[in-house]
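Q: sequence below, structure please.
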Amino acid sequence: MLSAVSDFRLVRPFFAIALLAFACSPAEAQKLPEPRTWTVTPFLHTSLGIGDPAPDDSMGLGVAVAYDWTSKLGFEGEISHLFDIAGDTAEIDWSVTNFSGNALYHFDTRYITPYVTLGIGVENSNETIKESDSLALLADFSATELAFNFGGGVKYEINSRWKARADLRRFQANDLAPDYWRLYGGLSFRVK
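A: Residues are numbered from 1 along each chain as shown. The predicted structure is shown next:
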């Protein structure tokens, strides 16, 4: 329970930025992405409910580059990195990095633009053990594996170039790498 409270404290800045973005502009109809445009989205994220054998959730950073082929269909490549899913354990550092390609489908609604996403990529789980105990070395969970992801999110237009974005996705690796939900908040910049 204490972990959930501390995770909420870490996620509060995401919610503050989102509320500020919503409060700064008047409510108006949202626009679907413009066809044949590129966007870049740097984001902060956290893992939620990380799977066995990882002991703790972590904060992370990432960036996504998207191409909107039509107003409803887009494709996105992204890289994200979780800093330490081993938690407060001083003997182990355990990071997770994802590289993925995703398809996005946007829905036409009035105030926000919701979307769903499905993707495939590679997940690199890197566990570093800082002590020389030979038994600890036998339990190395480092791996590079195929990973699938699915989820959805919302985009909110701040102005013609910027959108606030929130996203929730499930990452599922095929073997040793941990499975988890990822919650992120970011700002998308449209590149002409």
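Q: where is the longest strand in this protein?
A: Looking across the chain with DSSP state E, the single longest strand is strand 113-129.
Q: pull out the buried positions in that strand.
A: With burial defined by 16 or more other C-beta atoms under 10 Å, the residues of strand 113-129 counted as buried are 113, 115, 117, 119, 121, 123, 124, 125, 127, 129. No exception for glycine: its C-beta is placed from N, CA and C like everyone else's.
Q: what is the nearest of these to residue 44?
A: residue 117 (18.0 Å; C-beta to C-beta).
Q: how near is that closest one to residue 176?
A: Separation of residue 117 from residue 176 (C-beta to C-beta, to the nearest Å): 25 Å.
Q: same question for stretch 70-78: list its buried residues.
A: Neighbour count says stretch 70-78 has 71, 72, 74, 76, 78 buried, by 16+ other C-beta under 10 Å.
Q: in strands, which of those fall?
A: Those of the buried residues of stretch 70-78 mapping onto strands are 74, 76, 78, per DSSP E.
Q: before we move on, the earlier item: can you list the strands that the longest strand of the chain pairs with?
A: Paired with strand 113-129 in the same sheet, following DSSP bridges, are strand 92-106 (antiparallel), strand 143-157 (antiparallel).
Q: turn these into TSV, columns for mean neighbour count.
A: Formatted as TSV, those follow (neighbours: other C-beta atoms under 10 Å):
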stretch	mean neighbour count
strand 92-106	19
strand 143-157	18
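Q: nearest to residue 40, out of the ones you listed?
A: Minimum separation from residue 40 across the strands paired with strand 113-129 (C-beta to C-beta) falls at strand 143-157, 13.6 Å.
Q: off-centre distance for that closest one?
A: Centroid separation between strand 143-157 and its chain, computed with C-alpha atoms, centre = their mean, to the nearest Å, is 6 Å.
Q: same check, this time on stretch 178-187
A: Worked out by C-alpha atoms, centre = their mean, stretch 178-187 lies 3 Å from the chain centre.
Q: can you check stretch 151-158 too?
A: Using C-alpha atoms, centre = their mean, the offset of stretch 151-158 from its chain centre is 13 Å.
Q: what are the phi and psi angles of residue 110?
A: Backbone torsions of residue 110, given as degrees, to the nearest 10, read phi -80, psi -50.
Q: from residue 73, how far off is it?
A: 20 Å.
Q: and what of residue 130?
A: Counting by C-beta to C-beta, the gap from residue 130 to residue 73 is 46 Å.
Q: likewise residue 85?
A: Counting by C-beta to C-beta - residue 85 and residue 73 are separated by 33 Å.
Q: repeat for residue 184
A: For residue 184, the distance to residue 73 equals 21 Å [C-beta to C-beta].
Q: doesn't residue 104 make contact with residue 73?
A: Yes: using C-beta atoms under 8 Å, residue 73 is in contact with residue 104, at 7.3 Å.
Q: dump the residue contacts of the residue nearest to residue 95 when sequence neighbours are not counted.
A: Computed as C-beta to C-beta, 6 or more residues apart in numbering, the closest residue to residue 95 that is not its neighbour in sequence is residue 126, at 5.1 Å. With contact set as C-beta atoms under 8 Å, 6 or more residues apart in numbering, residue 126 has these partners: 94, 95, 96, 97, 142.
Q: fine by me, we can end here.
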